[in-house]
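Chemist: attaching a predicted model along with its sequence, questions to come.
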Amino acid sequence: MAIGDQRDLDLARKNLLAYFARVLPEASEIDVRNLAAPGMGFSNETLLLDLSYVAAGARRDEPLVIRVKPKAQVFPEYDLRRQFEVMRMLEPTDVPVPHMRWFEDRDDVLGASFYVMDRIEGVVPQDYPPYHVAGFCTEMTPEQRAALWWDGVDKLARVHRLDWRQRGFAFLERPDLGTTPLAQQLEYYRRYLAWAADGKPQPTVDAGLAWLLANQPRNEPVGLSWGDARVGNMIFRDGRCVAVLDWEMVALGNPEQDLGWWLFLDWHHSGGIGVERLDGFPSRDATIARWEQLVGRRAEHLHYYEAFAAFRFAVIMIRIAQLVREAGLPAPDDMATNNTCTQGLARLLDLPPPG
């Protein structure tokens, strides 16, 4: 889903040539080829390019990706540098991420801050239409789908096995928002909801927040939470996950919240829209059992974290509905209050159906 004006790629190429000359002072014969903007999404803008230059007497050709801070933000806070730093800190680990090149704070190159990373070749299970409906997953055998899913779960568990303190992720703590990681996230999303809703009633989401606040698990394990944990944020090559992307929702918390998001998003892309999951994708119970085996502990509060996933996504949808209206795109009048996320939240918490 794309919004906003299309970027002037000729101007962007001119500015990027000057930028790469600045960050590669020893390089010569710098060229930017095949610059493309696949789409200006709600969460970020992505540019693809091939960088060519001569260094130390040798020609280098490097496929790159640029992520640009969006003009119309989905999130009330958008810390692009935090995303860059998290991925850079993950590079020495067994969690596969692209090599991070440069972060640029100045907005005179592309109109906003951005970061540059290596481009990883592969395929990504799509969101629109979902991978259970269209795309390369529909062309795979059941055995290939199972292998893809299990490798994604393995990479998810690798995130959760990291020693977040030893790796330096303590900077993700938000003591200004609460005394525990969960309390901090609930306060963040309470403020997010107030900002996105702008005073408009949100019956299902408000009830969901009240339930989440009243039923917080206690004495939980804390780990690194990817945040937007799903196969649609992974690059696969030959059925193996070769890159874990999109860390804009990264936080500290019980890793079960990633498992809850993983399961809810898969339901959102299948049963939530009234379609069957593709044959071969492992079941919910099998997925939970494999994750528990890989991380070495039980998922004790999964119902809570699936409800938390539905709530978070529902809050995001409130903001997206506003952006859709502002962009003049067609959408149902009740998009903010009656959607797959609010329907899923009502189902999980036995609330009145939205709408």
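Modeler: That came through, no problem.
Chemist: okay, the nearest residue to C137 once chain neighbours are set aside and E326: tell me how far apart.
Modeler: Spatial nearest neighbour of C137, excluding adjacent residues (C-beta to C-beta, 6 or more residues apart in numbering): Y131 at 4.2 Å. No exception for glycine: its C-beta is placed from N, CA and C like everyone else's. From Y131 over to E326 the distance is 29 Å, taken as C-beta to C-beta, to the nearest Å.
Chemist: of these two, who's got more company?
Modeler: Y131 (25 against 10; other C-beta atoms under 10 Å).
Chemist: buried residues, the one helix or strand M317 maps to. List them.
Modeler: Element membership for M317 (DSSP states H and E) is helix 302-327. Judged by neighbour count using 16 or more other C-beta atoms under 10 Å, the buried positions of helix 302-327 are 302, 304-324.
Chemist: what's the answer for stretch 137-154, then?
Modeler: For stretch 137-154, by 16+ other C-beta under 10 Å, it's C137, M140, R145, A146, A147, L148, W149, W150, D151, G152, V153.
Chemist: farthest-separated two in these?
Modeler: Using C-beta to C-beta, the two most remote members of the buried residues of stretch 137-154 are M140 and V153, lying 16.5 Å apart.
Chemist: break this structure down into its domains, please.
Modeler: 9-118, 136-349 (automatic domain parsing).
Chemist: so which of these comes closest to P125?
Modeler: Closest to P125 of those, according to C-beta to C-beta: domain 136-349, at 4.6 Å.
Chemist: okay, now that closest one: how far is its last residue from its first?
Modeler: 34 Å (C-alpha to C-alpha, to the nearest Å).
Chemist: the helix holding M317 - contacts with which helices or strands?
Modeler: Where contact means 3 or more C-beta pairs under 8 Å, 6 or more residues apart in numbering; DSSP states H and E, helix 302-327 is packed against helix 181-197, helix 203-214, helix 256-268, helix 340-349.
Chemist: would a markdown table of the ones you listed with distance to G168 be doable?
Modeler: Output for those, formatted as a markdown table (distance: least, C-beta to C-beta, whole Å):
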| stretch | distance to G168 |
| --- | --- |
| helix 181-197 | 16 |
| helix 203-214 | 29 |
| helix 256-268 | 20 |
| helix 340-349 | 33 |
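Chemist: out of the ones you listed, which gets nearest to N233?
Modeler: Set against N233 and scored by C-beta to C-beta, the helices and strands packed on helix 302-327 come closest in helix 256-268, at 9.4 Å.
Chemist: between the helix or strand that the closest one is followed by and helix 256-268, how many degrees?
Modeler: Downstream of helix 256-268, the next assigned helix or strand under DSSP H and E is helix 284-295. Relative orientation of helix 284-295 and helix 256-268, computed by axes from the mean of the first three to the mean of the last three C-alpha atoms, to 10 degrees: 150 degrees.
Chemist: where does the stretch 51-200 of the chain have low pLDDT?
Modeler: Applying pLDDT under 70 to the stretch 51-200 of the chain flags no residue at all.
Chemist: all strands of it, in order?
Modeler: 58-68, 100-104, 114-118 (DSSP state E, counting those that start in this stretch).
Chemist: what's the offset of the first one from the middle of its chain?
Modeler: In this view, strand 58-68 has its centroid 23 Å away from the chain centroid, taken as C-alpha atoms, centre = their mean, to the nearest Å.
Chemist: and stretch 137-147, by the same measure?
Modeler: For stretch 137-147, the distance to the chain centre is 23 Å (C-alpha atoms, centre = their mean).
Chemist: how many neighbours does the residue lying closest to Q144 once chain neighbours are set aside have?
Modeler: The shortest distance from Q144 to any non-neighbouring residue, by C-beta to C-beta, 6+ apart, is to G239 (5.8 Å). Per other C-beta under 10 Å, the neighbour tally for G239 reads 16.
Chemist: go on, the one 5 residues further on?
Modeler: Taking other C-beta under 10 Å as the criterion, the count of residues near V244 is 23.
Chemist: dihedrals phi and psi, the residue nearest to Q144?
Modeler: phi 80, psi 0 (degrees, to the nearest 10).
Chemist: residues contacting it?
Modeler: G239 makes contacts with Q144, A147, L148, D151, as judged by C-beta atoms under 8 Å, 6 or more residues apart in numbering.
Chemist: please report how far it lies from L351.
Modeler: Using C-beta to C-beta, G239 is found at 39 Å from L351.
Chemist: distance across stretch 62-80, terminal residue to terminal residue?
Modeler: Separation of the first and last residues of stretch 62-80 by C-alpha to C-alpha is 23 Å.
Chemist: what separates the residue nearest to C137 from G122, distance-wise?
Modeler: Going from Y131 to G122 by C-beta to C-beta gives 14 Å.
Chemist: which one of the helices and strands packed on helix 302-327 is the most hemmed in?
Modeler: Of the helices and strands packed on helix 302-327, the one with the most neighbours on average (mean count of other C-beta atoms under 10 Å) is helix 256-268, at a mean of 25.
Chemist: helices or strands up against that one?
Modeler: By 3+ C-beta pairs under 8 Å, 6+ apart, helix 256-268 packs against helix 142-161, helix 284-295, helix 302-327, helix 340-349.
Chemist: okay, the ones you listed in a markdown table with distance to N44 next?
Modeler: Below are the helices and strands packed on helix 256-268 laid out as a markdown table (distance: least, C-beta to C-beta, whole Å):
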| stretch | distance to N44 |
| --- | --- |
| helix 142-161 | 20 |
| helix 284-295 | 28 |
| helix 302-327 | 13 |
| helix 340-349 | 20 |
